[in-house]
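> task: produce atomic coordinates for the following.
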Amino acid sequence: MPIRIPNDLPARKILEREGVSLMTEATAARQDIRPLKIGLLNLMPEKIKTETQFARLIGATPLQVDLRLVRVGSHTPKNTSQEHMIAFYEAWEEIAHEKFDGFIVTGAPIEHLPFEGVTYWKELQRIFDWTQTHVHSSFHICWGAQAALHHFHGVPKHALPQKAFGVYRHKNLNPASPYLRGFSDDFSMPVSRWTEVRRAELPKAGRLEVLMESEEVGLCLINDPDHRSLYMFNHIEYDTMTLADEYNRDVAAKKAINMPANYFPGNDASRPPENRWRSHAHLLFGNWINEVYQTTPYDLARIGQD
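Coordinates of the predicted model:
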């Protein structure tokens, strides 16, 4: 089954060229099935790129998905036009009365700030609390994962001496997990962050389970069944050229930045990189959506009541 996204969303043309299965709003209305309802709280500055990355992964699953684009109401993006935001996004407060099968919270380039110093931190805390009564399963990415883990468990983040930047090997720590079904024992994934969460500071009480970890860049994926949440600290959703775009942007701005590790062939930035994580990105999101489908109530009103 395809993903349903707005007919005029810029991501549609890109995904159609790639062969991703899409559905028009009119066709979706004629089908007598309940699609999975997934929200994407997009905190990244380049909204359109991020929408496309997540829609690509969600649209590759065999289930019909209704993807809703959500923004925080207490922040105005600087890198995306107001026309785009008005046409395709809803403020969280506008959809807070609704129930969702899944909800994704993206990263944000604000790692240098303490959580409490983020302008929309109080609203984000309300959103995290709201997911416990209105969302069946949440998937938090990079800074969004650090923020949710801090909110629910008080786990701090720590500044790194230099940016963890590149494509790094990771270990599958629980092949029996429904989220890692079909995963290799060892796989690569993009990393782009200035901060880290440390395993030693995870609370001993509760049921937090580390599912993925890297010897070089630490924790990657944690399952939190008590809050029906996944915390992904890296960027498995990135396109092939995303790290190159970030590197070239910082070089052009004369910022101190190392070349992304294990990315450009022969560490030559003039050579196009190879994507070595695409299949595992699709697998992880496919496993998450399948788990949501298998466990979410058919009646959306029951979400958050069990």
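> which secondary element of the protein has the worst mean pLDDT?
One helix or strand of the chain scores below all others by mean pLDDT, DSSP states H and E: helix 25-30, with a mean of 54.
> and after that helix, which helix or strand comes next?
In the C-terminal direction, the helix or strand that comes right after helix 25-30 (DSSP states H and E) is strand 36-41.
> which other helices and strands contact that following strand?
Counting contacts by 3 or more CB pairs under 8 Å, 6 or more residues apart in numbering; DSSP states H and E, strand 36-41 is packed against helix 47-58, strand 65-71, strand 100-105, helix 278-295. To be clear about C-beta, it is placed using only N, CA and C from the backbone, and glycine gets the same treatment.
> give me every residue that touches the closest residue to residue 72 other than its chain neighbours.
In this structure, residue 72 finds its nearest non-sequential neighbour in residue 120, 4.5 Å apart by CB to CB, 6 or more residues apart in numbering. By CB atoms under 8 Å, 6 or more residues apart in numbering, the residues touching residue 120 are 72, 74-75.
> most neighbours of all those, which one?
residue 72 (22 neighbours; other CB atoms under 10 Å).
> deepest of the helices and strands packed on strand 36-41, which one?
Mean neighbours per residue, mean count of other CB atoms under 10 Å, is largest over the helices and strands packed on strand 36-41 for strand 100-105, with a mean of 26.
> now do whatever helix or strand comes next after that strand and strand 36-41, the angle between them.
Counting by DSSP H and E, the next helix or strand C-terminal to strand 100-105 is helix 121-134. Using axes from the mean of the first three to the mean of the last three CA atoms, to 10 degrees, the inter-axis angle of helix 121-134 relative to strand 36-41 is 170 degrees.
> could you give the mean pLDDT of helix 121-134?
Confidence for helix 121-134, expressed as mean pLDDT, is 98.
> whichever helix or strand comes after it pairs with which strands?
Once helix 121-134 ends, the next helix or strand along the chain (criterion: DSSP H and E) is strand 135-141. Applying DSSP bridges, strand 135-141 is found paired with strand 100-105 (parallel), strand 229-232 (parallel).
> residue 133 and residue 41, how far apart?
Note on residue 133: its distance to residue 41, by CB to CB, to the nearest Å, is 16 Å.
> more neighbours: which of these two?
residue 41 (22 against 10).
> isn't the more buried one up against residue 108?
No - here residue 41 does not reach residue 108: they are 10.1 Å apart, not a contact under CB atoms under 8 Å.
> overlap in contacts, those two.
residue 144.
> residue contacts, the nearest residue to residue 261 once chain neighbours are set aside?
Excluding the flanking residues, the one nearest residue 261 by CB to CB, 6+ apart is residue 166, at 3.0 Å. Counting by CB under 8 Å, 6+ apart, residue 166 makes contact with 190-191, 243, 260-263.
> okay, now the unreliable bits of the stretch 51-200 of the chain?
When residues are selected by pLDDT under 70, none of them lie in the stretch 51-200 of the chain.
> so what's the residue positioned nearest the centre of the chain bridging to?
Taking CA atoms, centre = their mean, the centroid of the chain lies closest to residue 141, which sits 4.0 Å from it. Legend: beta-bridge partners of residue 141 under DSSP bridges are residue 232.
> tell me which element residue 97 is part of?
Counting by DSSP H and E, residue 97 is found in no helix or strand.
> got the angle between the longest strand seen in the chain and helix 278-295?
Identified as the longest strand of the chain according to DSSP state E is strand 158-172. Relative orientation of strand 158-172 versus helix 278-295 (the same axes, to 10 degrees): 80 degrees.
> just the C-alphas of strand 158-172, formatted as PDB.
The C-alpha coordinates for strand 158-172 follow below in PDB (Å, rounded to 0.1, in the frame of the first residue of the first chain):
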ATOM      1  CA  HIS A 158      27.600  16.000  26.700                       C
ATOM      2  CA  ALA A 159      29.500  18.100  24.200                       C
ATOM      3  CA  LEU A 160      32.100  16.200  22.100                       C
ATOM      4  CA  PRO A 161      35.600  17.600  21.600                       C
ATOM      5  CA  GLN A 162      34.900  17.400  17.900                       C
ATOM      6  CA  LYS A 163      31.900  16.700  15.800                       C
ATOM      7  CA  ALA A 164      31.000  13.000  15.300                       C
ATOM      8  CA  PHE A 165      30.700  13.300  11.600                       C
ATOM      9  CA  GLY A 166      30.700  10.600   8.900                       C
ATOM     10  CA  VAL A 167      29.600   7.000   8.300                       C
ATOM     11  CA  TYR A 168      30.400   4.600  11.100                       C
ATOM     12  CA  ARG A 169      30.000   0.900  11.800                       C
ATOM     13  CA  HIS A 170      27.400  -0.100  14.300                       C
ATOM     14  CA  LYS A 171      26.500  -3.400  16.100                       C
ATOM     15  CA  ASN A 172      23.200  -5.100  16.300                       C
END
